[in-house]
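Participant: requesting a structural model of the entry that follows:
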Amino acid sequence: MRRRWGMGIRRQTKYWALLPLLLVGTASILATVKQGEALEAGRRAYESSDYAKAVLELQTAAAKEPQNGEIQLLLTKSYLELQERDAAITSAERAVTIDPKSSVFHEWLGRAYGEKADHASMFSAPGLARKTHREFEIAVQLDEKNFAARQALIEFDCAAPGMVGGGEEKAKPEIEKLQSMDAAEWHYALGNCRRQKKDFADADAEFQLALESHPKAAELIFDIGDYAVRRGQADRLMEVADLGTKVAAADPRVMFYRAVGLILKNEKREEAERLLREYLQKAPKRSGYPRYAVAHEWLGRLYENKGEKESAVKEYQAALQLDPKNKSARESLKRVEKN
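Facilitator: Below is the predicted model:
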């Protein structure tokens, strides 16, 4: 058979000519993979509540992708968990600079300003509060269905005085807009505004209507759960747990609220204990989640109800070790030790 050297040589020549391009492409792909690895490592650290590690990984990712706003957003959240509020504001401002049209970026810049305002002096707090309000307004303007931002804006208006941009009259039109958009969000906003004014009877009624309106947002359901814990509302906590299971079955907060409801009812003690233990194993240490100290306090109350004094003492002590300023745990510990 005749050899086709010419065809073979031409093919070989073309292959070697393309090799530099292939090497460049491979290097680009590897660089992209490494960038993605840093971001994913940051996400994993954040999800595991290792916020210091998350910051380190995300800073590396940000250096490689300076125009990636999602990295700056996750940095903002991580800094807030570490209570590094100035750094959180810087990252949120970078995210907004990268994408000024992002409603979520403006929402979180508002949250960062709000956290700083809550811990600022009486001289700087008003200016930070006004910035908070402005960012929430922009977030809602950019996306009217960003319910988290709208609820934050409504809560600000219901709680803050007019001198920093708040006022209940300003909240009313925002609440009215929700009526035609989402019934659960509307009733929740009405209830939350009444809660800010300590009108708990009306807040109770609106929160109940919110739960009956098939809410889609887990955070809305669980915030009502926090309210029910403070008010000692066992039946509402069971309803919160049932709805939470439908909307976010894997969320460990479902276990916490069901356990507290059972303890308040003084029912199924073994199940309540199991749920709280599991919550302590699975729940992240994060804003929006019941703190571990609170879970230990409820375990103490469970054991106290069962007459298991030593176990109750251990749980109250664990709660105080995690949160020395927990007055109710301290009072409970004194009560058990005295009796």
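Participant: sec struct for the spatially most central residue of the chain, please.
Facilitator: By CA atoms, centre = their mean, the chain has its centre lying nearest to residue 288, at 5.1 Å. Three-state call for residue 288 (DSSP: H, G, I helix; E, B strand; the rest coil): coil.
Participant: next one: phi and psi at the closest residue in space to it that isn't next to it in sequence?
Facilitator: With sequence-adjacent residues excluded and distances taken as CB to CB, 6 or more residues apart in numbering, residue 288 is closest to residue 219, at 6.7 Å. Where you see a C-beta, it was placed from the backbone N, CA and C, and this is true even at glycine. Geometry field for residue 219 lists phi and psi as phi -60, psi -40, criterion degrees, to the nearest 10.
Participant: surely residue 219 touches residue 152?
Facilitator: No - checked against CB atoms under 8 Å, the pair residue 219 and residue 152 is beyond contact range at 10.9 Å.
Participant: between the two, which one's more packed in?
Facilitator: residue 152 (21 against 17; other CB atoms under 10 Å).
Participant: just checking, what packs against the helix or strand containing that one?
Facilitator: Residue 152 belongs to helix 147-159 when elements are defined using DSSP states H and E. Helix 147-159 makes packing contacts with helix 103-118, helix 125-142, helix 168-179, helix 183-196, helix 218-231 when contacts are defined by 3 or more CB pairs under 8 Å, 6 or more residues apart in numbering; DSSP states H and E.
Participant: as CSV, those with distance to residue 158 would be great.
Facilitator: Shown next, in CSV, are the helices and strands packed on helix 147-159 (distance: least, CB to CB, whole Å):
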stretch, distance to residue 158
helix 103-118, 14
helix 125-142, 12
helix 168-179, 5
helix 183-196, 4
helix 218-231, 14
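Participant: gap between the residue nearest to the centre of the chain and residue 91?
Facilitator: For residue 288, the distance to residue 91 equals 19 Å [CB to CB, to the nearest Å].
Participant: same question, residue 281
Facilitator: For residue 281, the distance to residue 91 - CB to CB - is 31 Å.
Participant: so for those two, which residue has more residues nearby?
Facilitator: Using other CB under 10 Å as the criterion, residue 281 and residue 91 rank with residue 91 on top: 29 against 9.
Participant: and the helix or strand in which the more buried one is found, what's buried?
Facilitator: Residue 91 belongs to helix 85-98 when assigned by DSSP H and E. If you call a residue buried by 16 or more other CB atoms under 10 Å, then helix 85-98 has these buried ones: 85, 87-96, 98.
Participant: cool, thanks, signing off.
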